[in-house]
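Colleague: Quick one, fold the following:
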Amino acid sequence: MTRSREGFTLIEVMVALTLLSIILLSFANAATAVAVRGRTNDLVAKRTAALQGEANKFATVPFSSLAAWSTADQSFTKGNFTYTRRLSITALASNRDSIKITIVPATDTTKKDYAILFRTKPTTSSLLCSSC
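Modeller: All right, here's what the predicted structure looks like:
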């Protein structure tokens, strides 16, 4: 005597659920990787913006006042980004200085970055000297 089968057997349901779980785990792994990459990109963008701001600040400081600038580590918060600025000013010659600015994020101290600026003393006191 043969019976007609309707529906799924327990084995078929278990195989389908196993395949579904493997696919969902793959999606979860990919989503985690995307989230980590996004967080890293956010930190890099904020660190770069802070470094650019600090570099712009020291590019506009008059050359004569660079030697008096404090080189102690200072912490700043801009928006939701907190960082420590490390500063090193080295006199290369009487009319040339090197400024190394290091930005260390508070959230991940291994992700620091730096920029080196070279400043030269102007030859005249006029910034708009056209005959120089």
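
Colleague: so which strand or helix has residue 107?
Modeller: Residue 107 is part of no helix or strand when elements are defined by DSSP states H and E.

Colleague: Show the contacting residues for the nearest residue to it once chain neighbours are set aside.
Modeller: Excluding its sequence neighbours, the residue lying closest to residue 107 (Cβ to Cβ, 6 or more residues apart in numbering) is residue 43, at 6.8 Å. C-betas here are computed from N, CA, C, even on glycine. Residues counted as contacts of residue 43 (Cβ atoms under 8 Å, 6 or more residues apart in numbering) are 105, 107-108, 111.

Colleague: average pLDDT across the host helix or strand of residue 43?
Modeller: Take DSSP H and E as the rule and residue 43 turns out to sit in helix 10-60. In this model, helix 10-60 has an average pLDDT of 94.

Colleague: switch to numbering from 31
Modeller: Done: numbering now begins at 31, and the last item shifts to helix 40-90.

Colleague: Quick one: name whatever helix or strand follows it.
Modeller: Using DSSP H and E, the helix or strand that directly follows helix 40-90 along the chain is strand 104-108.

Colleague: Which elements pack onto that next one?
Modeller: The contact analysis (3 or more Cβ pairs under 8 Å, 6 or more residues apart in numbering; DSSP states H and E) places strand 104-108 against helix 40-90, strand 111-123.
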